[in-house]
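> Just a sequence and a predicted model for now, questions to come.
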Amino acid sequence: MKIKSIHFLFLLATLLFSCAPKTMVWNVKDFGAKDDHKTINTKAIQKAIDECTLKGGGTVLVDGAVFVSGTLLLKDNVDLKITENTTLLGSINPNDYPIVEPFIDATGQFRGQCFIGAIDVKNISISGKGTIDGHGKMLSPKKVKETLKRLGLTEVKPDLSGLISKTNNYVNNNIRLSNRPFLVRMVRSQNVKLKDIHLRQPAAWTLHFLECNNFEVDGISIYSHANRNNDAIDIDSSTNGVVKNCDIDSGDDAICFKSTSPKPTNNIEVFDCKIKSEWGAIKFGTESMGDFKNITVRDCYVYDTRGGGIKILSADGANVENILIENITMENVEMPIFIRLCERRLVYRNAERKPVGSINNVVIKNITAKVSDNKELRMNPTTGFYFSGTPNHKLGKITIENVNVSLPGGGTEKDTKIVVPENEEQYPEFTKLGATPAYGLYARHIEKLETNNISFTLRNQDVRKEVVKINVN
């Protein structure tokens with residue numbers, strides 16, 4: 001009798017499972033959301049997310065015209081799907097963005113607000129061919145003041161207790177408040193995926209992974225020019241990630257590996273991306289307390305980029321190891337490759353200050369680059385590759401092979417006598433170090449530099465040397 005009862009229950013469970021829908025869908029309109037471009041739908045959409053995770057997960061569907069909302073927090077096993085021709089638009093009221101995992105960045109700016117967020121969750125995704133728009137131009141300091149006055153509201157100011165580093169060693173040495181939420185911010189979450197979505201106009205960074213594990217970004221597009229510090233993708237103290245097939249046009253760094261905590265950023269692969277940036281296309285740092293290890297960037301096209309094509313920086317103690325950059329085409333870029341180890345040693349999240357880091361086992365190969373004309377450059381005359389450690393902390397092994405760089409030239413006899421300053425503790429930027437006596441490769445303080453099949457061609461005369469090496473083995 002007992003065996004028959006168990007068998008019956010098993011058959012019943014099997015029948016019920018087979019009859020259940022394979023994917024559960026929670027349409028935000030069923031929870032009261034309105035796509036009228038004016039209703040603040042934060043509560044309705046968040047209720048759909050909460051109900052979805054409570055029932056074991058599924059899809060929260062955003063389908064319609066324009067849904068306005070404040071901060072939304074994803075929960076376990078939730079796919080936020082925004083359909084094609086649908087926009088999830090950020091509210092212009094700064095008080096609609098509560099503080100989420102606050103910190104103070106290297107410039108001394110208070111950070112913590114976001115439009116779409118996730119904290120300590122797993123198995124989440126954002127999908128669909130729709131758009132998440134941060135409405136960033138309406139969240140500049142001037143516009144925020146105008147909005148609060150018009151709405152008769154008082155700004156909710158954050159509590160900075162426990163956030164300010166004991167050293168207070170920030171760039172510019174002051175703390176600045178802001179109401180500029182990130183667009184999408186994933187914090188300490190596992191198994192995260194973004195697929196096909198369009199990310200637009202955040203007030204600050206576009207997509208931030210902080211201390212996440214196992215993430216994938218596939219086929220998304222980013223347009224981020226609404227404000228300052230409009231990074232596209234920031235991979236911050238996160239591990240085991242893939243970024244592929246992305247189309248990026250950003251006002252600041254496009255794909256940036258950071259570590260605003262002592263935890264490492266490692267095991268990351270970036271490939272098949274099209275990148276345009278007003279600052280740097282592929283960047284390691286500058287916030288760099290935790291190590292950067294086992295990172296590959298390959299098969300990418302970089303174009304119309306100021307501030308550098310690829311920058312590998314250790315400023316705050318990061319040990320940068322096992323980096324592969326290959327098969328990169330650059331068109332109209334400023335400074336194709338810049339590698340800098342320095343001794344800034346800033347501190348984030350009240351961690352202990354770290355010793356000077358290292359950069360070792362970096363391989364850069366199969367690079368074709370055209371540097372922009374002189375009139376478009378901030379540092380003139382420019383240099384193709386710029387590598388520098390410090391007198392007391394050399395770069396490790398750097399390997400460069402199969403490279404062809406076209407340069408604008410313009411270096412004069414006076415430029416051949418340039419002595420580049422060390423500036424060991426300064427912000428690691430090539431414009432801070434200034435022009436060099438070489439048009440092709442300037443390298444100093446390196447334990448081992450290996451080069452093979454490197455070609456630098458000039459479009460105009462340049463009387464500087466092609467290669468200058470100082471304290472290089």
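Sure thing, it's come through.
> can you pull up the bridge partners for the residue lying closest to residue 407 once chain neighbours are set aside?
Once flanking residues are discounted, residue 407 sits nearest to residue 371: 5.0 Å by C-beta to C-beta, 6 or more residues apart in numbering. In short, each C-beta sits where N, CA and C put it, glycine included. Listed by DSSP bridges, the beta-bridge partners for residue 371 are residue 333.
> So which residues of the stretch 1-150 of the chain form helices?
Assigned by DSSP state H, counting those that start in this stretch, the stretch 1-150 of the chain shows helices spanning 2-19, 42-54, 141-151.
> what lines up beside the longest strand along the chain in the sheet?
Taking DSSP state E as the criterion, the chain has its longest strand at strand 438-458. Here strand 438-458 has these sheet partners by DSSP bridges: strand 385-388 (parallel), strand 395-407 (parallel), strand 465-472 (parallel).
> Return the set of buried residues in that strand.
Across strand 438-458, burial judged by 16 or more other C-beta atoms under 10 Å covers 438-446, 449, 451, 454, 456, 458.
> and the residue nearest to residue 405 when sequence neighbours are not counted, what is it in contact with?
Counting by C-beta to C-beta, 6+ apart, residue 384 is the residue found nearest to residue 405 once chain neighbours are left out, at 4.3 Å. Shown in contact with residue 384 (C-beta atoms under 8 Å, 6 or more residues apart in numbering): 335-337, 369, 371, 405, 407, 439-441, 456.
> ok, those residues vs residue 356, which is closest?
Nearest to residue 356 out of the contacts of residue 384 is residue 337 (C-beta to C-beta; 21.6 Å).
> Just list whatever residues bridge to the closest one.
Taking DSSP bridges as the rule, residue 337 bridges to residue 310, residue 385.
> so where do the helices sit in the stretch 201-350 of the chain?
With DSSP H, counting those that start in this stretch, there are no helices along the stretch 201-350 of the chain.
> Break down it into its strands, ranges please.
For the stretch 201-350 of the chain, applying DSSP state E, counting those that start in this stretch gives strands covering 207-210, 213-218, 221-224, 233-236, 239-244, 247-250, 255-259, 265-271, 274-277, 282-288, 292-305, 310-314, 319-333, 337-341.
> and the fifth one, what other elements does it pack with?
Using 3 or more C-beta pairs under 8 Å, 6 or more residues apart in numbering; DSSP states H and E as the contact definition, the elements that strand 239-244 packs against are strand 213-218, strand 233-236, strand 265-271.
> so how far is the first one from its chain's centroid?
Relative to its chain's centre, strand 213-218 lies at 13 Å (C-alpha atoms, centre = their mean, to the nearest Å).
> what pairs with it, and is each one parallel or antiparallel?
Sheet partners by DSSP bridges: for strand 213-218, these are strand 190-195 (parallel), strand 239-244 (parallel).
> Just the CA coordinates for the last one, please, in PDB.
Okay, so that is strand 239-244. Extracted in PDB, the C-alpha atoms of strand 239-244 (Å, rounded to 0.1, in the frame of the first residue of the first chain):
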ATOM      1  CA  THR A 239      36.200  37.200 -11.600                       C
ATOM      2  CA  ASN A 240      35.300  34.700 -14.300                       C
ATOM      3  CA  GLY A 241      33.700  37.000 -16.900                       C
ATOM      4  CA  VAL A 242      33.200  37.300 -20.600                       C
ATOM      5  CA  VAL A 243      32.500  40.500 -22.600                       C
ATOM      6  CA  LYS A 244      31.800  39.800 -26.300                       C
END
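> Report the contact partners of residue 367.
Applying C-beta under 8 Å, 6+ apart, the residues near residue 367 are 325-326, 328-330, 336-337, 402-405.
> tell me the SS of it?
Following DSSP: H, G, I helix; E, B strand; the rest coil, the label given to residue 367 is strand.
> How about it: which residues does it bridge to?
residue 328, residue 403.
> pLDDT score assigned to it?
Per-residue pLDDT puts residue 367 at 98.
> Could you check the pLDDT of the residue nearest to residue 405?
Value for residue 384, per-residue pLDDT: 97.
> And it, how far from residue 409?
Plainly put, residue 384 is 11 Å away from residue 409 if you go by C-beta to C-beta, to the nearest Å.
> Quick check: neighbours shared by the two?
Residues touching both residue 384 and residue 409 by C-beta under 8 Å, 6+ apart: residue 439.
> Tell me where the stretch 101-250 of the chain is predicted with low confidence.
Along the stretch 101-250 of the chain, the model assigns pLDDT under 70 to residues 160-173.
> and the closest residue to residue 86 other than its chain neighbours, how many residues sit next to it?
Distances taken as C-beta to C-beta, 6+ apart place residue 130 nearest to residue 86, at 4.0 Å, with adjacent residues excluded. Residues near residue 130, counting by other C-beta atoms under 10 Å, number 23.
> Residue 225: what's its closest spatial neighbour, skipping adjacent residues?
In space, residue 225 is closest to residue 251, 4.4 Å off (C-beta to C-beta, 6+ apart).
> if I pick the one you found, what's in contact with it?
Residue 251 touches 224-230, 277-279, counting by C-beta under 8 Å, 6+ apart.
> what pairs with the helix or strand harbouring residue 199, and is each one parallel or antiparallel?
Per DSSP states H and E: residue 199 is located in strand 198-200. Here strand 198-200 is paired, per DSSP bridges, with strand 131-133 (parallel), strand 221-224 (parallel).
> With mean neighbour count and distance to residue 60 added, can I get the ones you listed in JSON lines?
JSON lines is the format used below for those (neighbours: other C-beta atoms under 10 Å; distance: least, C-beta to C-beta, whole Å):
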{"stretch": "strand 131-133", "mean neighbour count": "24", "distance to residue 60": "13"}
{"stretch": "strand 221-224", "mean neighbour count": "24", "distance to residue 60": "22"}
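> Those: which one's closest to residue 40?
Distance to residue 40, taken as C-beta to C-beta, is lowest for strand 131-133 among the strands paired with strand 198-200, at 14.9 Å.
> Next, count neighbours for residue 134.
For residue 134, using other C-beta under 10 Å, the count is 32.
> separation between the closest residue to it other than its chain neighbours and residue 234?
In space, and not counting its chain neighbours, residue 134 is closest to residue 202: 3.7 Å by C-beta to C-beta, 6+ apart. Applying C-beta to C-beta, the value for residue 202 to residue 234 is 11 Å.
> what's the answer for residue 118, then?
Distance, residue 118 to residue 234, using C-beta to C-beta: 15 Å.
> swap in residue 292?
Distance of residue 292 to residue 234, given as C-beta to C-beta: 13 Å.
> Then residue 86?
For residue 86 relative to residue 234 (C-beta to C-beta), the value is 26 Å.
> likewise residue 64?
According to C-beta to C-beta, residue 64 and residue 234 sit 30 Å apart.
> okay, those two: which has more neighbours?
More crowded of residue 64 and residue 234, by other C-beta under 10 Å: residue 234, with 24 against 19.
> quick one: that one and residue 212 touch, right?
No: counting by C-beta atoms under 8 Å, residue 234 sits too far from residue 212 to count as a contact (11.1 Å).
> Thanks a lot, see you next time.
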